[in-house]
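Student: I'll drop the sequence and a predicted model, then ask my questions.
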Amino acid sequence: MLMRIVAHEWRVLRAERTLWVLLALTVALVLYAWRNGASWVETQRTTLAQVQIDDSTRVATLATRLDAIESGREEPPAAFQNPALPAPVGRSLGTRAAVLAPAPLAATSVGQGDLFPSYAIVSTAAGDPFLRTPSIENPLHLLGGRFDLAFVIVYLLPLLVLATGYGLLSQERESGTLPLVLTQPIGTGTLIAGKLLARFALLVGAIVLTTALLLLSAGLAAPDHWADFALWVLVVASYAGFWLLLAALVNGRGRSSAENAMTLATAWLVLTILVPSVLNVAATSLYPVPSRAEMIGVEREAAEEAQERGAALLAAFYQDHPELAPDSVAGPVNFAAQSWAVQEEVERVTAPVRAAYDAAADQQRALIRRFRFLSPALLAQEALQEIAGTGEVRYRAFRAAVGDLRVAFRAFIGAKIVRAEPFRRSDVDALPSFDTSRVTDVARNGRVLVNLLGLLLPTLLFALVASRQDQAIRARARA
Amino acid sequence: MISTIARKEAVELWRDGRFRWGAALVATLLAVALLSGWQHYRDIEASHTAATEATWQRWLSQGEKNPHSAAHYGVYAFKPITPLSLVDQGVNSYTGVFTWLEAHNQNPFEYRPAQDAPALARFGQLTASTVLQLLVPLLMVLLGFSAIAAEREAGTMRLLLSAGVTRGTLAAGKAAGLALGLGVLLVPAALAGALALVTTGTAAETVSAVSSVRVLLLGGSYMLYFAAILGLTLAVSAWARTPRAALVTLLGVWIVNALVAPRVATDVARTRAPLPAAEAFRQAIADDLRNGIDGHSPQDQRQQALRDSVLAAYGVDSIEQLPVNYAGISLQAGEEYANRVYDRHYGALASTLLAQEALHRRLGLVAPLLAVRSASMGLAGTDVYHHEHFVRAAEEHRRLIQRILNADIAQNSRFGETYTAGPALWAQVPEFTYTPPSLATVLSNQSSSALLLVTWVLLAGIAYGVGMRRLTPE
């Protein structure tokens, strides 16, 4: 019976002009959004490829020059650009690139990718390496966000769903066919389910098929990429399901089509726009992250104080690290070592200040994580970004991995500076480099599944309530 | 007669539970938005004022050192927050908040606050401007879609027309009634906003005459926007066959205006006025500094030429014989050359950014939201134009610092000597004070948005009028 209703709905929908308009609109939106996302990924790939080429060229040049110097074919240049000294190597000649490659489905969601740099050059220099990654973007465009597939799904798909579903029963009632249909030996539950399935198959089918074809044409091949896509389809389907069942629920109340449209539009507004922005206001007001302007003062003060105590700091440093002390303490002042000790001190003093900013941001995120279940749009957005590899968790993991590399890099170079050792050819291969596997995120699927559950539970609840509306609908249809 | 109809409409609106709920929701959100905007303004204002004072004190108390050493130490310029940002934060979260003014380099602005914010913030911040630009129009649509269409459907339209009410009177009455109903909501909100603005006035100039003119103009822009939306709503209601068709059409219009248009405008701006790739931009500046703007005057050649011309000007044959310190002259010449390079590249970058912003504004012809958004950010001083203005002012100050310090080296020291200056010189550098763009500049920037809003009001009004004239009573 269910299939008969689905088939019948299909025929009815097919005869309607609006359906074809909606379908064409959906496909057009997906194509447009895809083109946007794909061009973003393309730019990313070009930039990152260049960064990686530069990185290997830099290290290769360093090795060749050290070969030449060690074999006596080349005179070492002035101290500040001498590759045989650890300080210039750490500052510029041997810096290492850390690159976060776009994930297979990156083109489906730009996410936080336009805001956070996807590479950094790690050196011994003070401060956040990401600040030295150049970035040019119109702030107006960051504010507005991109027209990507995630936008189409999170904001527009519900509206398309509601446009096909707001008159699920009310239109039948208004045209007088509902009592007729109900004289047939079917439950209203089956009737609604059939209508829902037809619409669901249509919209979700159009989006999923178009996207699958686009992914194929973009050369997505590996099985785990398709596993990502399967997860993506699950999220899209559950999200669409949520809105369809909400439409069914509202239709069961027996109001007019116009009233249903109004209720559903309001629900959409509240769930996709109001809840996220109110949550945002709550998070930022409860746990405000102070302006970074304050950090500058602390950094400068620490730097000056450390500078004044330079010699004392180096002495203290050798006391703490006797293994790093050079063999003879006599001789000229080791300025490189002294400035290194100063830098270390500045790092030490400013670390808690930096941590305070992160802590406030973490509190905001924790609050949002608890309340995200209030908005299916939020759940879907987060899940889609996670799958596309452009969510904040991945960027934060990358940031942390770059921080670790910086610590390792500084330790490696710093040990040579304070021991007053030269930088040798053999050290080139030992230079710490970026380990991409540190950003692989095993818990991602788990987080996406939690969000999926958050979408499915209310959907099931709606289904349960809608299926109990049978008597009421019949009573109203008779009246 | 018009007033009778208007009164009837407004009273009906107020009796409608949905209106009361909707109005209460919008009013609450507006209050929350203004409150959090005010809190944000107060925090940032205090923090940036303190930071500006601190960087200045640090500059003054840096002790004895070579002026060029002080130039490398430099000061920081912190972007001040404008009082009207409590209404519209504009692009503030997405631009850096400070820059380091040091010798040789025009540094980029650092730390976009959005990078410290949760990803959720990308859903949009709850500011008074979002409430006014997105939610109030939706409220208008939900309340007004049936204004004409429902009378027709219920058959009361024939009744009204046969009772001698002209279509013009009816049209005006309906519009006035809806406007009245919404005015009851918006006027107190506007007053609350103005009050919040007055109470934020920590400094006397905050509530100066200029900013009250800005507030008035801001209110005016929103009024035009609301008038356009009201006109559109009524026009669609008059043209639509059924209330349902009117509602669905209007929701579609709202979505295109509020959600789709800003993003499509971004795509248009990115294609029509593309920005340079960040790495290529940096490389181009480095190349120009090294090889000269024409590509054929490398740094050492430029230095040689400078030395020759200075020696010739003073009529001596070695730099030791010069009555001034050549180091200061050379440093300043390096600055001047770099300034030309920066003017060329950063100038082109700024004009592309502003061209993109202008494209967004002009697309207000397609969606009124883009026009009112531009006017709102412009008047609040939170648009790209204001940011670039501050960037420019900070850079001018950097150049001023370099001129003063290099002139001191040239005049007060000898070539090759170890020279130090002290607090007296540091105090000669004026403290960085920023004068925001004048209201006149802002107005000339935004004249097209105002024009577009007026055009929208007229078009919507005409569509409404024609719709009413063509209307068949059933």
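Tutor: Yep, it's here.
Student: Next up, the contacts around residue A:316.
Tutor: With contact taken as CB atoms under 8 Å, 6 or more residues apart in numbering or on different chains, residue A:316 is in contact with residue A:341. Every C-beta, even on glycine, is put in place using the N, C-alpha and C of the backbone.
Student: scratch that, residue A:143 is what I was asking about
Tutor: B:90, B:91, B:93, B:94.
Student: I figured the first one hits residue B:374, correct?
Tutor: If I follow you right, that is residue B:90. No: Residue B:90 is beyond contact range of residue B:374, at 9.9 Å (criterion: CB atoms under 8 Å).
Student: In space, not sequence, find me the middle residue of chain A.
Tutor: Compute the mean C-alpha point of chain A, and by CA atoms, centre = their mean the closest residue is residue A:391, 1.4 Å away.
Student: That one reaches residue A:111, doesn't it?
Tutor: Yes: shown here, residue A:391 and residue A:111 form a contact pair, counting by CB under 8 Å, at 5.8 Å.
Student: Pull up the overlap in contacts between these two.
Tutor: Joint contacts of residue A:391 and residue A:111 (CB under 8 Å, 6+ apart) are A:385, B:119.
Student: Now the common contact residues for residue B:90 and residue B:374.
Tutor: In contact with both residue B:90 and residue B:374: residue B:383, using CB under 8 Å, 6+ apart.
Student: Any figure for the gap between the residue nearest to the centre of chain A and residue B:118?
Tutor: 11 Å (CB to CB, to the nearest Å).
Student: Find the residue closest to residue 245 in space, skipping its chain neighbours.
Tutor: Assuming you mean chain A. Leaving aside its sequence neighbours, residue A:245 sits nearest to residue A:462 (CB to CB, 6 or more residues apart in numbering or on different chains; 3.9 Å).
Student: Chain B was what I was after
Tutor: Residue nearest to residue B:245 in three dimensions, not counting chain neighbours: residue B:149, with 7.7 Å by CB to CB, 6+ apart.
Student: So which residues on the stretch 151-300 of chain B come close to chain A?
Tutor: B:243-244, B:247-248, B:251, B:255, B:259-260, B:262-267, B:269-270, B:275-279, B:281-282 (CB under 8 Å from any CB of the partner chain).
Student: again, only using 7 Å
Tutor: Within the stretch 151-300 of chain B, the residues that sit near chain A (CB under 7 Å from any CB of the partner chain) are B:243-244, B:247-248, B:251, B:255, B:259, B:262-264, B:266-267, B:270, B:275-279, B:281-282.
Student: The contacts of residue A:143 in helices, which ones?
Tutor: Within the contacts of residue A:143, no residue falls in helices by DSSP state H.
Student: Just the buried subset of those, please.
Tutor: Listed as buried from the contacts of residue A:143 are B:90, B:91, B:93, B:94; burial here means 16 or more other CB atoms under 10 Å in any protein chain shown.
Student: Take these and write them to TSV, including pLDDT and distance to chain A.
Tutor: What follows is the buried ones among the contacts of residue A:143, written out as TSV (pLDDT from 0 to 100; distance: CB to the nearest CB, whole Å):
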residue	pLDDT	distance to chain A
B:90	93	8
B:91	94	4
B:93	92	7
B:94	94	4
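Student: Show me the shaky parts of the chain.
Tutor: Picking chain A for this. Confidence mapping of chain A against pLDDT under 70 gives the ranges A:1, A:326-333, A:477-479.
Student: The intended chain is chain B.
Tutor: In chain B, residues with pLDDT under 70: B:196-210, B:474.
Student: Where do the strands of the chain begin and end?
Tutor: Using chain A here. Applying DSSP state E to chain A gives strands spanning A:96-99, A:119-122.
Student: sorry, should have said chain B
Tutor: B:75-78, B:98-101.
Student: looking at those, which is buried most?
Tutor: strand B:75-78 (a mean of 25; mean count of other CB atoms under 10 Å in any protein chain shown).
Student: Name the strands paired with it and say parallel or antiparallel.
Tutor: Using DSSP bridges, the strands paired with strand B:75-78 are strand B:98-101 (antiparallel).
Student: who touches the strand it pairs with?
Tutor: Around strand B:98-101, the neighbours that count as contacts under CB atoms under 7 Å, 6 or more residues apart in numbering or on different chains are A:293, A:296, B:74-79, B:107-110, B:394, B:397-398, B:401.
Student: ok now it, how far from the chain's centre?
Tutor: Its chain's C-alpha centre and that of strand B:98-101 lie 20 Å apart, by CA atoms, centre = their mean, to the nearest Å.
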